[in-house]
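> Got a predicted structure here, sequence first:
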There are 2 protein chains.
Amino acid sequence: MTIAEAEDKANVLVLGGGAVGTMAAYALEAGGRAKVTMVLRSNYDAVKKSGFSIDSIDHGQHNGWLPSRIRTTILDPTETDVQHYDFIVVTTKNIPDVPPTVSTLIKPAVTSDLCTIVLMQNGLNIEKPLLEAFPNNTILSGVQMIGASETAPGIVLHNEPDICKLGVFEAEGKGDELKLCDEQRARRFVEAYNACGRVDCRFDDNVRYTRWKKLLYNSSYNPVSAVLGMDVTRMRVYKHVIDDLVAPIMREIAAIAAADGVHLSEDLVRKLITIDKLDSWFMPSMGQDAGKGNFIEFENIVGEPMREAQRLGVPCPTLTTMYSILKGIQTKTKETRGLITPRVTDARPYRG
Amino acid sequence: MTIAEAEDKANVLVLGGGAVGTMAAYALEAGGRAKVTMVLRSNYDAVKKSGFSIDSIDHGQHNGWLPSRIRTTILDPTETDVQHYDFIVVTTKNIPDVPPTVSTLIKPAVTSDLCTIVLMQNGLNIEKPLLEAFPNNTILSGVQMIGASETAPGIVLHNEPDICKLGVFEAEGKGDELKLCDEQRARRFVEAYNACGRVDCRFDDNVRYTRWKKLLYNSSYNPVSAVLGMDVTRMRVYKHVIDDLVAPIMREIAAIAAADGVHLSEDLVRKLITIDKLDSWFMPSMGQDAGKGNFIEFENIVGEPMREAQRLGVPCPTLTTMYSILKGIQTKTKETRGLITPRVTDARPYRG
């Protein structure tokens, strides 16, 4: 490797040390085009001691793997030099209704306009707070189709291939030159991600389509799994759950997307209803989170499509009721976690 | 007491030995105009041994109380004589989607057309299967506003007064003479119930109105409590639960009732939203049942109003989504109780 090649390595900060963040970090390091710093929380001690144990359908078995650096906070107080990151990759859950927000979280690492922020997170309009907080930075959209889970701290099982679409969240009113710069940064990230030759990361020239398409599944199967505590196999065996909840929500999403200029065909809807292996007994992530008493990512996955529907005048009654119930579930979790306390004096007389 | 008076005692079978059934049995026996046989299940042994312990806002404290007879089944196989009951009072939960149905359950006790069946149960259209199964019997509607709970087997706390409306579920096409007979039987039951002088049981000449009115609360607060596992105080403190779920459902019920010819005013809706004491932390019965993993009474409380809406062409999107979720909860309970087993082979390809 020449010095020039070495200097060409992108300095990448990966936020979120779960399965998805770890596999992204692994792919980036394996390609040799990036030097990755991971910010870890709950699994820091385990990883510090023994590294990650990875069993990956794309990359094989690796015990004791570590990225270039691991940290517990974005800025390491023991280091005096403030790092410049070319890319800040956010793979944490996106829960804007529970502080801190993504913008607040990454702010210390956004040291200049040269930092590109990659949101590898689900949902609609997740870029809006970032574009507002960092109007001069490039914000990228990463949508992953990956099956990976952290079975114990630092132990990652990656059993469905890493397929990723990476594009630009374009701010309104940007000039052509800046747009070109955004795209170049996106393509640079795609190349760094693909350099390992074992993942399928593609430049996405239609981010809005990609996100709406992913919402078909995420806005329907996820909330139903969370509200009912039911896996996708049972939903399909107990057909009424598909007929009365999952399928109606998918069609509402397709209708909202259509009003937003994105065509999602009925064929696609029907394909996604049966996308999981029938005998997978798979619990969607929101169902897993609700079952564990974790906060759920419902605002960007259910709330934002619903608000788009309100803006565009599209009825979405099933989605709307689901949203209200998910909000109630989140409220209960906030209470359990001590973020709020129910006080009788907070209940105003009803004036609805 | 003269022989004539003694013979005038109504022979009453009370089905359901929970708090509501026990207080009904107590009021009937206390009035001296009825001889009550109670059919008990889970609390039979406790009651057989020590009687009921009753702490009642209407009737005071009574330890070791027993009705004239207690049984474990409708027909006692150790008795050779088949009893004729003037009134069969059903206070069990009404769960038509889980066998046996009320009709099947009471059939052995309906020995002649002279048996009057009193349905002290919530919900709409609960009389329809009974009118079909027993077309020549009188079917009465009992709607209770009572606060009572069985805190342990045979221990009943009755803390809100027993106010009851009792009327006739009229079958279509009945002649005036039979209608008069139905009403006389209803009035006889009201008199027997009121004879103790400590309850407020009134003849109800508008059963449909009474039932729709009760649904305002039952179709809204009950499902929300079941789906969210949340008490009414929290719903009101966390205002969005009222604004987005409880109040919309109440207004949908009012709209369906209006299409069915029953006017429920906006004032009434607003009154019912705040009917519970704010600091009651009260968990509605469906929420209690769901929390305990019991079957829920959702078909007549939510499903029937929804089907009326479909019949009458009234939109009720919130109620409809709630119904689908409650059905999913019931399905899970059926699986837990071993009534159904999810088999992958039962999932047909999606053809929705």
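Structure received. Residues are numbered from 1 along each chain as shown, chains lettered A, B, ... in the order given.

> Could you tell me the end-to-end distance of stretch A:84-94?
Start-to-end span of stretch A:84-94 (Cα to Cα, to the nearest Å) is 24 Å.

> The nearest residue to residue A:150 once chain neighbours are set aside and chain B: what is the separation?
Spatial nearest neighbour of residue A:150, excluding adjacent residues (Cβ to Cβ, 6 or more residues apart in numbering or on different chains): residue A:19 at 4.6 Å. For every residue, glycine as well, the C-beta is placed using N, CA and C. In this view, residue A:19 and chain B are 26 Å apart by Cβ to the nearest Cβ, to the nearest Å.

> Could you report the neighbour count for residue A:19?
22 (other Cβ atoms under 10 Å in any protein chain shown).

> and what of residue A:29?
Neighbour tally, residue A:29, other Cβ under 10 Å: 23.

> Contact partners for it?
Neighbouring residues of residue A:29 by Cβ atoms under 8 Å, 6 or more residues apart in numbering or on different chains: A:35-36, A:67-68.

> residue contacts, the residue nearest to the spatial centre of chain A?
When Cα atoms, centre = their mean is applied to chain A, the residue found nearest the centroid is residue A:121 (1.6 Å). Contact analysis of residue A:121 by Cβ under 8 Å, 6+ apart lists A:90-94, A:102, A:142, A:297, A:300.

> As CSV, the contacts of residue A:29 with distance to chain B and neighbour count would be great.
Shown next, in CSV, are those (distance: Cβ to the nearest Cβ, whole Å; neighbours: other Cβ atoms under 10 Å in any protein chain shown):
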residue, distance to chain B, neighbour count
A:35, 46, 17
A:36, 41, 26
A:67, 40, 23
A:68, 45, 15
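
> What's the nearest residue in the stretch 251-352 of chain A when you look at chain B?
Closest residue of the stretch 251-352 of chain A to chain B, Cβ to the nearest Cβ: residue A:317 (3.1 Å).

> Was I right to think that residue contacts residue B:318?
Yes: checked against Cβ atoms under 8 Å, the pair residue A:317 and residue B:318 is within contact range at 7.3 Å.

> Have a look at these two and say which one is more surrounded.
Neighbours per residue (other Cβ under 10 Å) separate residue A:317 from residue B:318, with residue B:318 holding more: 26 against 17.

> Wait, that one touches residue A:321, no?
Yes: using Cβ under 8 Å, residue B:318 is in contact with residue A:321, at 5.1 Å.

> which neighbours do those two share?
residue B:245.

> Below-threshold pLDDT in the stretch 151-300 of chain A: ranges please.
Applying pLDDT under 70 to the stretch 151-300 of chain A flags no residue at all.

> what about the residue in it that chain B sits nearest to, how many neighbours?
Closest contact between the stretch 151-300 of chain A and chain B, by Cβ to the nearest Cβ, is at residue A:244 (3.7 Å). Residue A:244: 20 surrounding residues under other Cβ under 10 Å.

> And residue A:108, by the same measure?
Residue A:108 has 11 nearby residues by other Cβ under 10 Å.

> what's the answer for residue A:152, then?
Neighbours around residue A:152, by other Cβ under 10 Å: 10.

> And it, how far from residue A:339?
Distance of residue A:152 to residue A:339, computed by Cβ to Cβ, to the nearest Å: 28 Å.

> now do residue A:304
22 Å.

> Next, give phi and psi for the residue of the stretch 251-352 of chain A closest to chain B.
With angles defined as degrees, to the nearest 10, residue A:317 sits at phi -60, psi -40.

> list the contacts for the nearest residue to it once chain neighbours are set aside?
Distances taken as Cβ to Cβ, 6+ apart place residue B:317 nearest to residue A:317, at 3.1 Å, with adjacent residues excluded. Residue B:317 sits next to A:317-318, A:320-321, B:252 when contact means Cβ under 8 Å, 6+ apart.

> does the residue in the stretch 1-150 of chain A that chain B sits nearest to sit in a helix, a strand or a coil?
Nearest to chain B, among the residues of the stretch 1-150 of chain A, is residue A:97, at 11.5 Å (Cβ to the nearest Cβ). Using DSSP: H, G, I helix; E, B strand; the rest coil, the structure places residue A:97 in coil.

> And residue A:13, by the same measure?
Assigned with three-state DSSP, residue A:13 falls in the strand class.

> Hmm, residue A:164 and residue A:200 touching each other?
Yes: using Cβ under 8 Å, residue A:200 makes contact with residue A:164 at a distance of 7.0 Å.

> Residue A:310 - how many residues pack around it?
13.

> Quick check: it vs residue B:224, distance?
22 Å.

> Likewise for residue A:171?
Per Cβ to Cβ, residue A:171 is found 41 Å from residue B:224.

> Compare these two (neighbour count), which wins?
Taking neighbours as other Cβ under 10 Å, residue A:171 and residue B:224 compare with residue B:224 leading, 27 against 20.

> Would you enumerate the residues in contact with residue A:132?
When contacts are counted by Cβ under 8 Å, 6+ apart, residue A:132 touches residue A:103.

> again with residue A:63
For residue A:63, the contact set (Cβ under 8 Å, 6+ apart) comprises A:51, A:53-54.

> The residues you listed, buried ones only, as a PyMOL selection?
PyMOL command restricting these to the buried ones, with burial defined by 16 or more other Cβ atoms under 10 Å in any protein chain shown:
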select buried, chain A and resi 51+53+54
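
> Residue A:214 belongs to a strand?
No: read with three-state DSSP, residue A:214 is helix and lies in no strand.
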